[in-house]
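Novice: My questions are about this predicted structure, shown below with the sequence.
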Amino acid sequence: MKAIVLLIFLSLFMVQSQGQSLARNNGQKIITNSTPIKIKWVSSIKEDFSFRHKWSYPEGIYKNAYGQLSCDGLCPDGIENMKDSKGKIIKDSIKAFYKIVDTSHLRHSILSTAWCYEWAGTDFIEATTKTGDTVFLSTVLNAATHCSLRLSITGDHCYPLIDLVSIIGRGGAVYYCTGGSITIDKVLWQKGIVKAIFSFNFKHEEDPAKPMFWRGRIYQYINSTGYDNH
């Protein structure tokens, strides 16, 4: 019963998250409402970006008591019939199980720290071309993190915001940038890679005395999803 309740919760969360995020973030609000941050372009960044060599399994994938990679939570239909009563994947079903359950190694593309509502960390960020001269980045939500950092990079300026898709009754909210900095490796940028160090502050009307911020490092290929491997 607990597994069924968790599955329903995660399903509703993902539907709500995707719908609200798409509805509020087409890049235009970032340019209109956030303080533009002047990009510092450099020929190279010497800081530690070793996090990009780390990886994780997709959310919900874990190693069971029998040493098998299994799935719990938001999983493909039909896999429960491939397990016995103790959760062990039946021998004759192992090949079919791994054809429908994704156990890929997902390369990390962001290392960051933040304070915003319903944030527990994220290791992944997407980078896509919105128009000919605009790149849009968005951190990936998960079961524990419901706020996303959104960056619109146009010319020599970056327009950040935080998009909250709350699941605890707070409702959705957008927090616009009030200041900060970003440094980008121009050599890699010209090769289609975002390598950056950033630190942003955001307007926080609910509690102005409590700073809302997001800072960290990014290493991601442009026109890649948060989960792509290279």
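Specialist: The structure has been received and is ready for your questions. All figures in this text were calculated on a predicted structure; none of them were measured in a lab.

Novice: Show me where the chain has its strands.
Specialist: Counting by DSSP state E, the chain has strands at residues 37-42, 55-56, 61-63, 69-71, 106-107, 110-115, 125-131, 134-139, 147-154, 157-164, 173-185, 193-202, 212-221.

Novice: Report the contact partners of Lys203.
Specialist: 175-178, 212 (Cβ atoms under 8 Å, 6 or more residues apart in numbering). C-beta coordinates here come from the backbone N, C-alpha and C atoms, glycine included.

Novice: can I assume Thr128 is in contact with Asn223?
Specialist: Yes: Thr128 is within contact range of Asn223, at 5.7 Å (criterion: Cβ atoms under 8 Å).

Novice: could you flag which of the contacts of Lys203 are buried?
Specialist: 175-177, 212 (16 or more other Cβ atoms under 10 Å).

Novice: got those residues as TSV, with pLDDT and distance to Phe198 columns?
Specialist: Below are the buried ones among the contacts of Lys203 laid out as TSV (pLDDT from 0 to 100; distance: Cβ to Cβ, whole Å):
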residue	pLDDT	distance to Phe198
Tyr175	95	15
Tyr176	95	15
Cys177	96	10
Met212	97	15
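
Novice: what's the closest of those to Trp115?
Specialist: Ranked by distance to Trp115 (Cβ to Cβ), the buried ones among the contacts of Lys203 are led by Met212 at 5.8 Å.

Novice: partners of the closest one in the sheet?
Specialist: Taking DSSP bridges, one obtains Phe202 as the residues bridged to Met212.

Novice: Might one say that it is in contact with Glu206?
Specialist: No: applying Cβ under 8 Å as the test, Met212 and Glu206 come out as separate, 9.2 Å apart.

Novice: May I see the buried residues of stretch 187-207?
Specialist: By 16+ other Cβ under 10 Å, the buried positions in stretch 187-207 come out as 188-189, 193-204.

Novice: out of those residues, which one sits closest to Tyr219?
Specialist: Nearest member of the buried residues of stretch 187-207 to Tyr219, counting by Cβ to Cβ, is Lys195, at 5.2 Å.

Novice: Apart from its neighbours in sequence, what residue is nearest that closest one?
Specialist: In space, and not counting its chain neighbours, Lys195 is closest to Asp185: 4.0 Å by Cβ to Cβ, 6 or more residues apart in numbering.

Novice: Could you measure from the one you found over to Thr131?
Specialist: As judged by Cβ to Cβ, to the nearest Å, Asp185 and Thr131 stand 22 Å apart.

Novice: cool, Ile89 as well?
Specialist: Taken as Cβ to Cβ, the span from Ile89 to Thr131 is 46 Å.

Novice: So between those two, which is more surrounded?
Specialist: Higher neighbour count among Ile89 and Thr131: Ile89, with 21 against 9, using other Cβ atoms under 10 Å.

Novice: Return the member of the contacts of Lys203 nearest to Ile110.
Specialist: Out of those, the member with the shortest distance to Ile110 (by Cβ to Cβ) is Cys177, at 17.0 Å.

Novice: hang on, that closest one packs against Leu149?
Specialist: No: if you go by Cβ under 8 Å, Cys177 and Leu149 don't touch, sitting 9.9 Å apart.

Novice: Where does the prediction get shaky in the chain?
Specialist: Applying pLDDT under 70 to the chain flags residues 1-32, 170, 225-230.

Novice: And for the residue nearest to Thr134 when sequence neighbours are not counted, the neighbour number?
Specialist: Setting aside the residues directly before and after it, Thr134 is nearest to Thr154 in space (Cβ to Cβ, 6+ apart), at 4.6 Å. Thr154: 18 surrounding residues under other Cβ under 10 Å.
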